[in-house]
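Q: what would the 3D arrangement of this be:
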Amino acid sequence: MYIIDATTKKIQVVLGGAVTTNELPCTAHYATHSATANTPVEFDVSTNGAVAVDLVAAPGAGEQQMVSVMTVYNADTVDADVTILLNNNATLRPLAHAVLATGEMLSYEHGGDWQLRTAAGDVRVVTGAASDATFITQLPHASLTNEQALSALATGLMKVTTATGVVTSIADSAGLLAVIGDATGTGLSVFNDTPTLIAPLLGTPTSGVLTNCTGTAAGLTAGNVSTNANLTGPITSVGNATSIAAQTGTGTTFAMSVSPVFTTGIGAGSATMALLNTTATVINAFGAATPVVVNATGVMIGGTTGPVGKLAVVSTDDNVQLDIVGGGTGGDAVIRLGGKDGAGYIASDVPWGIGVRRASNVFTIAYQAAGAVNLEAGQIVSISVTGHIGMGPAATAPLSVLCIDGGLHVGGMSDAGDNNLLVDGTITSAGGLHTFGANDSAGAGYRLVRVPNI
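A: Predicted structure coming up:
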């Protein structure tokens, strides 16, 4: 039972908005109690949309309203949002709230609680203050108000509108895009395995693999092609020769690193050029007048018929044929000679050196240690720029026409001893050098030499 005990209190009914067709009829049954009487009252009224109407009037002075029954019936053609209020001097306090489908009734009876009776006659208890509620079931149930049956939804994601509690399903890209606040672009959702993109704006990607891409890349900025870029087959697009800023030569075929074929040779301008395993007969490196011939026999510079030895230098004028200049600081100009055994080649195979010592500008023939790059002190023969000849290990800078460091044996191959002259035969001279007969005390065949005027 509800008791209204003050002239400033009353019970009202209000809808959540205007009705579509019909206002909702309401009834109240109560007794007006005073010190002298207890008068029963039946009252009925219709709702006025969102404007509250009195369902149980305020009592008079010294009276109380003893409420036993209240009903609200939805006679409209759509759902109705109904709230029962206690108005205490303009302070509104909800007593009950429900959303009624067409034909449903919200009712209160003394000794019980608020009930919602469906059009099918089922009863559902409605308790407490006004609230929004959505009931989610697998199948529809006639006893529930504001029910959302999952069986009525399409398979997919479930979306809940928090303002109304309505549940809907998202089963396509458009529905997903509508609920994502920070999406960009339009169209269908994209997954990473072979998606189809329609006119995408990719921005500036940090990486990517464009294998098997097709189409014309007219807007790409020129740059370097990465190594092993999987360019299969020749590049035959018209205009390639003019689109590469630093190209040289003509033709339609790009040369690759393995076994390229050049139609008219390689022009001047390359700092270095390796010709390993070439089968060319003539390398015209400096013009037709001075070709370089390379074949299985050797190399020839300046001729055209091929070398006889491993290296041949041929000229038809008086120019210098071959220059060998020592490099670096203090380096000697050296030609190393020698023989070798077996298929290998090591530094000890070339012990002999012929060249010019840079420090003294002396032509030298020397026997060197293995791998020596300069002429060493143990030279055999030295010839200075003045024409003086030095022979022996210490004859590095001869000042006489002939300087010998060691013994001299004339007519034989035996050791004459350091600083000795050994002659097997007769010494004669037109300038006063005389010899005596045999001196058998020193051995047969030796001569004693006397020089006049001593």
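Q: show me where the stretch 1-150 of the chain has its strands.
A: Under the criterion DSSP state E, counting those that start in this stretch, the stretch 1-150 of the chain contains strands at 2-4, 9-15, 25-33, 38-46, 53-56, 64-73, 80-88, 91-100, 105-109, 115-117, 123-125, 135-137, 147-149.
Q: need the longest helix for the protein.
A: helix 173-179 (DSSP state H).
Q: mind giving me the packing neighbours of that one?
A: strand 157-161, strand 166-170 (3 or more C-beta pairs under 8 Å, 6 or more residues apart in numbering; DSSP states H and E). Bear in mind the C-beta positions are built from the backbone N, C-alpha and C, glycine included.
Q: can you tell me, leaving aside adjacent residues, what's nearest to residue 365?
A: Leaving aside its sequence neighbours, residue 365 sits nearest to residue 381 (C-beta to C-beta, 6 or more residues apart in numbering; 4.4 Å).
Q: pretty sure the one you found contacts residue 388?
A: No. Contact criterion C-beta atoms under 8 Å: residue 381 and residue 388 do not qualify, at 11.5 Å.
Q: returning to that earlier point: now do the buried residues in the longest helix of the chain.
A: Burial within helix 173-179, assessed by neighbour count using 16 or more other C-beta atoms under 10 Å, is assigned to residue 176.
Q: and stretch 355-365, by the same measure?
A: Along stretch 355-365, these residues count as buried under the neighbour rule (16+ other C-beta under 10 Å): 355-358, 362-365.
Q: now render those residues as a markdown table, adding distance to residue 37.
A: What follows is the buried residues of stretch 355-365, written out as a markdown table (distance: C-beta to C-beta, whole Å):
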| residue | distance to residue 37 |
| --- | --- |
| 355 | 149 |
| 356 | 150 |
| 357 | 150 |
| 358 | 146 |
| 362 | 155 |
| 363 | 156 |
| 364 | 154 |
| 365 | 156 |
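Q: could those be laid out in TSV, adding pLDDT?
A: Shown next, in TSV, are the buried residues of stretch 355-365 (pLDDT from 0 to 100):
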residue	pLDDT
355	81
356	81
357	77
358	75
362	82
363	83
364	82
365	82
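Q: could you identify the most distant pair in these?
A: Taking C-beta to C-beta as the measure, the buried residues of stretch 355-365 span a maximum distance of 16.0 Å, between 358 and 365.
Q: under the pLDDT cut-off, which ranges of the stretch 151-300 of the chain? List them.
A: 151-154, 162-165, 217-249, 252-257, 262-291 (pLDDT under 70).
Q: please parse this protein into its domains.
A: 2-129, 280-317, 333-339+346-404, 408-450 (automatic domain parsing).
Q: how about the ones you listed in CSV, adding distance to residue 173?
A: Formatted as CSV, the domains of the chain follow (distance: least, C-beta to C-beta, whole Å):
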stretch, distance to residue 173
domain 2-129, 32
domain 280-317, 66
domain 333-339+346-404, 76
domain 408-450, 106
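Q: quick one: closest of those to residue 177.
A: domain 2-129 (29.7 Å).
Q: quick check: mean pLDDT of the closest one?
A: Averaging pLDDT along domain 2-129 yields 91.
Q: ok, which stretches of this structure are helices?
A: Assigned by DSSP H, the chain shows helices spanning 173-179, 240-243.
Q: counting neighbours, what do you get for the residue nearest to residue 365?
A: 15 (other C-beta atoms under 10 Å).
Q: which residues touch it?
A: Listed by C-beta atoms under 8 Å, 6 or more residues apart in numbering, the contact set of residue 381 reads 364-365, 389-391.
Q: ok, now residue 375?
A: By C-beta under 8 Å, 6+ apart, the residues touching residue 375 are 332, 334, 353, 355-357, 364, 366, 368.
Q: next, give me the two most distant ones among those.
A: Among these, 356 and 368 lie farthest apart (C-beta to C-beta), at 14.4 Å.
Q: residue 31 is in contact with residue 68, correct?
A: Yes. Shown here, residue 68 and residue 31 form a contact pair, counting by C-beta under 8 Å, at 7.4 Å.
Q: do you know how far residue 158 is from residue 400?
A: 117 Å (C-beta to C-beta, to the nearest Å).
Q: burial of the nearest residue to residue 65 once chain neighbours are set aside, as a residue count?
A: If the residues on either side of it in the chain are set aside, residue 65 comes closest to residue 4, at 4.0 Å by C-beta to C-beta, 6+ apart. For residue 4, the count of nearby residues is 23 (other C-beta under 10 Å).
Q: mind listing what residue 4 touches?
A: Counting by C-beta under 8 Å, 6+ apart, residue 4 touches 10-11, 56, 58-59, 64-65, 67.
Q: that one and residue 75, how far apart?
A: Residue 4 is 27 Å from residue 75, by C-beta to C-beta.
Q: what sits closest to residue 179 if chain neighbours are left out?
A: residue 159 (5.9 Å).
Q: what is the neighbour count of the one you found?
A: 15.
Q: next, the contact list for it, please.
A: By C-beta under 8 Å, 6+ apart, the neighbours of residue 159 are 167-170, 175, 179.
Q: that one pairs with what?
A: Counting by DSSP bridges, residue 159 is bridged to residue 168.
Q: ok, so what distance separates it from residue 167?
A: For residue 159, the distance to residue 167 - C-beta to C-beta - is 7 Å.
Q: got it, and residue 413?
A: Going from residue 413 to residue 167 by C-beta to C-beta gives 121 Å.
Q: more crowded one of these two?
A: Just comparing residue 413 and residue 167: by other C-beta under 10 Å the higher neighbour count belongs to residue 167, 18 against 6.
Q: thought the more buried one was touching residue 158?
A: Yes. Contact status for residue 167 versus residue 158: in contact at 6.1 Å, counting by C-beta under 8 Å.
Q: tell me the pLDDT of the residue nearest to residue 363 when sequence neighbours are not counted.
A: Closest residue to residue 363 apart from its sequence neighbours, by C-beta to C-beta, 6+ apart: residue 383 at 4.4 Å. Per-residue confidence at residue 383 stands at 87 (pLDDT).
Q: same check on the one 5 residues further on?
A: Per-residue confidence (pLDDT) for residue 388: 90.
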